[in-house]
Structure formats: C-alpha cells, structure tokens
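A.B. asks: requesting a structural model of the entry that follows:
(one chain, ligands or ions: 1)
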Amino acid sequence: MVQLEQATLEAFLEAVRKLDAGFAQLPRFEAQVPGTEEERIAEALAETAERLRDNYPYFHPLYAGQMLKPPHPVARLAYALAMWINPNNHALDGGRATSAMEKEAVAEIAAMFGWKEFLGHLCGGGTMANLEALWVASQVQPGKKILASEQAHYTHKRISAVLQLQCESVPCDALGRMDLNALATRAALGDVGAVVVTMGTTATGSVDPLPEILALRAKHGFRVHADAAYGGYFGLAENLGTESALSFARIGEADSIVIDPHKHGLQPYGCGCVLFRDSSAGRFYKHDSPYTYFSSAELHLGEISLECSRPGAAAAALWTTQRLLPLVRGGAFANGLERGRAAALAFFERLRRDDRFVTAFAPELDIVIFAPRAKSISEASGLSRRIFESAAKRNLHLAVAELPTEFWAANLGTMQRDRRTMTCLRSVLMKPEHLEWIPRIWDELSAASSEVLGGEGAHTRRAAE
Ligand SMILES: *Cc1c(COP(=O)(O)O)cnc(C)c1O
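C.D. replies: Residues are numbered from 1 along each chain as shown. Coordinates of the predicted model:
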C-alpha cells in the first residue's frame, strides 16, 4: 500500500515544462554539473530514501505527538518548482517574481488580521520573526523591559539575551494563560516596553487573554506583541471557545504579530512571518548595502528584514497554497483547523470519562495534555513515559511534556502532590484526518495504557492471544 502521496507528480512535470518554455528564447547550452549521470544520482537518492526512513511517520494520523503538520502537496511542489530558478527574496535582483508573490501572500495573511496598511515579510521561522518584533519594540521603547508569560515560547528569553533586553516572566493561571493580576501589578511599575501575548502556547495551546491585556496597554502604554506563531490561523475557525474567540477577534489591535505558515499554514519549514501594524517600523531597518537595490525603486524585501538571503521558494509555496486555499472563514483551510480542534475535543472527552486518566483544562485549540491516574504525581510521571513508549510500539506517537501540577489541580482527587510539575502526555492533533482517527488513536492508547497500568484491557488481550 502506498503511504506517500505521488499522484500530483504529473502536474509537477507539466509545470516544470511550462516554466522551461518561459526561457525558450535563450541560446541552447548544457550545464556543466559534475555527477549528473542518471545512474549515480539514482544511487545517491536511494541512499537518502533509506536514511529518511529513520523518522516518525509525521504524515500519518497515528503520529499525534509534536507540532508537525505535513505541508500541502501543492506547497511541496511549488517549492520544488521554484528550485529550478532558486530565487533569493533579499532583493528584486535575486527574486523578482517571488518577491511579488511574498508581498501578495503576506498581504493576505495581514488581511486575515484586518490589516491593510502594515509592514511585514516572511522569514526563517517564528524565532526569527519574534526576534524582529522584539527588536523593533526595543527601538520604539528603548531601555524598557519585555514581559512574557511562564508558558511563552522559551526563545523569548534567549532572543532578549541576544538583543541585550531584559525579559521577565509573568506567572500563568491554572489554564496556562498569562495571569492578569500579576501582569497588572508588574506593569504598574512603569518600566515595561512590551508584553508578549501568546496566542496559543506551544505546550498546551492556551490563549492569553488579549482583550484584558489591551485594556492594560491603554493604561500603561506598553507595546503588545502577539506571538501567534502556533495559533495565528485559529481566528478563522468557528468552533473556538468564547474566550479564545474574543482574543482572536482582537488580534488586529496588537502592535506586532508573528505567525508561522510552517506550523499550521501547510508550509515546508523555513516559513515564518512578522507583521507590524505601523508601517513606519521600516525606518529601523534602514541600511545601505552597496551591492543591491539598484535594479528598481520598488521595495526590496531586504530593506525591511534582518535576514539577507532568503528562499524565494518559500514565498512561491505559500502563495500557491493560499491561491488554492484562501484564508477565509468557512473555507476548506479553515475547515481543516476546525477538524483538528474537534478531534482534540473528542479526545479530551474520552480521556475525561475514563478513570485511568487525569485531564487538565479543556483544550483551547487542538492540543490535549493528560496523564495516567496514580497514587502520586511522581508515580504518574513515570507511568506517562512508559505509556509513551508502549504507544509508540503500537505506532501511536504521542509527546511527553513537563508541566505545572497546577494545570491538573481541579482533577487530581486523592493523588499526592509530591512534585510541582508533572511529566505528562501531550498530543497535538493538527491534521484534519485526526478527527476520523480518534477511535483508532483511542484504541491504541487504551491498549498501551492497560499494558502499562495492568487492568482489564491487558487481560482481554492476553486471553485473545
Ligand atoms: C513554535 C513557536 C515559536 C518558535 O517558532 P519556530 O518557527 O519554531 O522558530 C515561537 N512561539 C510560539 C508560540 C511557538 O509555538
């Protein structure tokens, strides 16, 4: 049975021929590339295919662990097609077509947040995008501090160290969101330049309460940076909870936004995006490279980004994907997000009703965290790891996380709280297919858990064998 999609390769060859025809006026030539003998290429590639087998099956619905979503076939193909040209989106000299595609694709993302006038571009990923946002924040409010929640992405601390900014953590509440009282108290000291609002934390998908943070901005004058690297597209989903929906509804009021097309936007890695509501942020990027920018008075993307060379192919892939799947509510793309979220809710319900497990708060996006019920947090922590391994043997791939015991507080019952954090299981249900695979995922988890915990499942299985 074929697992890896190949049906689109015909359309791809056709596109290569169409691209080729665009250069028909050039005199014929033979590229002098060593090692292009068909046989040797096939041998080298076969070795690579062999090596690449040593991966979890990220493309398969039974991979339900980390934030890994297969790129859309059209993104893969558009990226590969652009590779025959290998454009560089630093400057128009290096990537005329793909620079235009980047501007269009980024404008479509900005429009999703309600922005028409803005400054923005693609970059290597969420980390680079956040770095640019914090850097601009530090230029607008020099010498002031950056605040981010305890559950914010770990790179904010590191980025701040690189930029020599002071970054402080704000505690989280029992739902993994930034604690508003703690933020209000901290902001009242008056030395806060920017608050990072995580719109979907990496660990649990918790959404910081943006409306209330915007109210504090009005009072204290800090910048609001929305780190929506993971959750940014969920504003398109119509099955969010009330509070998360309210936060996403106001994301356009942030001063800057980061979103990762390579997380939920069906793109290959190497595609992050940073947006600034005030397009005059461009002034901070000013530099005078003596080599570039002479081909045109039009904007070169290198004039508004920290990175120099960047793959135009990433822009081609994103542009093509958005052509096929526009970023609109009620569209096929939004439906994919809604299905992942529905899968998370269904999975959470099953866990909640089963005594073998202890659940935390209900998922806000499409990430579920849970642990086996045990005498104590430390015992549950050990069992989590064993279930993780046992599930993997059954081809069900989950993830393990270390999270505050407080997240489970309401449901721990008699479990002894002998640790401040619990090693738990985490499942990111990013694929639309996850919804129809929940019964199978549940069966595998159930069997794996029974094996580890002992209990009925294990007995029936042994009897059957
Ligand atoms: C993934 C993530 C990042 C980092 O993005 P990369 O693309 O991995 O560099 C930052 N913030 C959040 C909330 C994330 O989920």
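A.B. asks: spell out which residues of the protein are next to the ligand.
C.D. replies: Counting by Cβ under 6 Å from any ligand atom, the chain comes close to the ligand at 125-127, 130, 153, 155, 198, 202, 227, 229-230, 260, 263, 272. Yep, even glycine has a C-beta here, placed from its N, CA and C like the rest.
A.B. asks: neighbour-wise, give me the winner out of those.
C.D. replies: Among these, Asp227 has the most neighbours (other Cβ atoms under 10 Å), with 32 neighbours.
A.B. asks: pretty sure that residue belongs to a strand, no?
C.D. replies: Yes. According to DSSP: H, G, I helix; E, B strand; the rest coil, Asp227 belongs to a strand.
A.B. asks: that one reaches Asp260, doesn't it?
C.D. replies: No. If you go by Cβ atoms under 8 Å, Asp227 and Asp260 don't touch, sitting 9.8 Å apart.
A.B. asks: find residues that contact each of those two.
C.D. replies: By Cβ atoms under 8 Å, 6 or more residues apart in numbering, Asp227 and Asp260 have these common neighbours: Gly126.
A.B. asks: picking that back up, sort out for me which of the residues of the chain next to the ligand are in strands.
C.D. replies: Judged by DSSP state E, those include 198, 227, 272 as members of strands.
A.B. asks: so what's the second one bridging to?
C.D. replies: When assigned by DSSP bridges, Asp227 has beta-bridge partners Thr198, Val258.
A.B. asks: ok, it to Asp278 distance?
C.D. replies: 18 Å (Cβ to Cβ, to the nearest Å).
A.B. asks: on contacts alone, who are the packing partners of the helix or strand where Val16 lies?
C.D. replies: Counting by DSSP states H and E, the element that carries Val16 is helix 9-21. If you count contacts as 3 or more Cβ pairs under 8 Å, 6 or more residues apart in numbering; DSSP states H and E, helix 9-21 packs onto helix 73-82.
A.B. asks: what does stretch 86-93 contact?
C.D. replies: Counting by Cβ under 8 Å, 6+ apart, 94-99, 102, 122, 292-296, 298, 300-302, 307-316 sit against stretch 86-93.
A.B. asks: list the buried ones in it?
C.D. replies: Neighbour-count burial for stretch 86-93 flags 87-93 (criterion: 16 or more other Cβ atoms under 10 Å).
A.B. asks: closest to Ile377 out of those residues?
C.D. replies: Using Cβ to Cβ, Asn89 comes nearest to Ile377 of the buried residues of stretch 86-93, at 48.7 Å.
A.B. asks: any idea how far Asn130 is from the closest one?
C.D. replies: Taken as Cβ to Cβ, the span from Asn89 to Asn130 is 20 Å.
A.B. asks: quick one on the thing from earlier: which ones among the contacts of stretch 86-93 map onto helices?
C.D. replies: Among the contacts of stretch 86-93, DSSP state H puts 96-99, 102, 312-316 in helices.
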